[in-house]
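Chemist: coords below, sequence missing:
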């Protein structure tokens, strides 16, 4: 029994990394693994049993609640890992020079990850976008479902989940359709034939807009006279709605169906591109082809 205990002590005291008079042994490694396990388990319990319950009782916006939970989680993990390393005798201050040397080399390889990490902190702190917002960035349009420190999840209307790096949300131009006010104005271009009764057209289009339950009454719909085109008189039907954040294509499609039906029922023509060809009367001069033929080539002379 004594031999077994002595053997275990010898194994636990076996140095893995030596630094002067001190050494990082197998026992320290086992202790560090145990402490880190406690840190991660404690973070889950802290977030679910304490942080989430406290935050949910507040009247903050859902996006702010999510940001508080994420920041609290990362703070807990950072402090826990730091204290775990200190408890096994790893002095982080002594590793500052080594970390600085490695940081120069590793920084070039991990600069994108670090950039996304910092951008994630900025997004969580400043809240330029939040969970549930409809955004458009880099040709991607959809609803934000999750914000992490490295990337943000955006789900399109086709239920496709797109992972957008956080640095793109900071450095590029982002259109946030639901920031502040969910009301969005939609403009539908409409062209009608020349000779159409404009006053009657205006009444019909506003009637079609008023019949759509997804269109707001305030601000009221408007018909804007845009231009005289080559083949049509061009208008824009401007309407306000809140459903465009969830189903913009379906909203436009329903309104176009209603407008087309209204115009067709009232005999208003939607023209296609056309051109008028005018022929002037006159006398054409016809010339014989033989008269305009080029002269025959001269005979060659021998020299």
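Modeler: The structure has been received and is ready for your questions. Being a predicted model, the structure only gives us computed values, none of them experimental. Numbers count the residues shown, from 1 in each chain.
Chemist: buried sites along stretch 186-205?
Modeler: 186, 188, 190-192, 196, 201, 204-205 (16 or more other C-beta atoms under 10 Å). Glycine gets a C-beta too; all of them are placed from N, C-alpha and C.
Chemist: all strands for the stretch 201-303 of the chain, in order.
Modeler: 222-228, 233-241 (DSSP state E, counting those that start in this stretch).
Chemist: run a quick neighbour tally on residue 206.
Modeler: Residue 206: 16 surrounding residues under other C-beta atoms under 10 Å.
Chemist: contacts only, for it.
Modeler: Residue 206 is in contact with 221, 223, counting by C-beta atoms under 8 Å, 6 or more residues apart in numbering.
Chemist: same thing but 6 Å
Modeler: Contacts of residue 206 were listed using C-beta atoms under 6 Å, 6 or more residues apart in numbering, and they are residue 221.
Chemist: next one: residue 240
Modeler: Contact analysis of residue 240 by C-beta under 6 Å, 6+ apart lists 183, 185, 216, 219.
Chemist: just grab the bridge partners of the nearest residue to residue 174 once chain neighbours are set aside for me.
Modeler: Nearest residue to residue 174, sequence neighbours excluded (C-beta to C-beta, 6 or more residues apart in numbering): residue 137, at 4.6 Å. Beta-bridge partners recorded for residue 137 (DSSP bridges): residue 140.
Chemist: do you know how far residue 137 is from residue 167?
Modeler: Distance, residue 137 to residue 167, using C-beta to C-beta, to the nearest Å: 11 Å.
Chemist: ok, back up a step: and the contacts of residue 240, which two are the farthest apart?
Modeler: Maximum pairwise distance in these, criterion C-beta to C-beta, is 9.6 Å, between 185 and 216.
Chemist: so which of those two has more stuff around it?
Modeler: Neighbour totals were compared for residue 185 and residue 216, and residue 216 leads with 16 against 13 (other C-beta under 10 Å).
Chemist: so what's the more buried one up against?
Modeler: When contacts are counted by C-beta under 6 Å, 6+ apart, residue 216 is found next to 240-241.
Chemist: quick check: mean pLDDT across the longest helix seen in the chain?
Modeler: The residue-count maximum for a helix in the chain (DSSP state H) belongs to helix 62-87. The pLDDT scores in helix 62-87 average 78.
Chemist: how far off centre is that helix?
Modeler: On the basis of C-alpha atoms, centre = their mean, to the nearest Å, helix 62-87 sits 26 Å off its chain's mean C-alpha point.
Chemist: what about residue 251, how many residues nearby?
Modeler: For residue 251, the neighbour count with other C-beta under 10 Å is 21.
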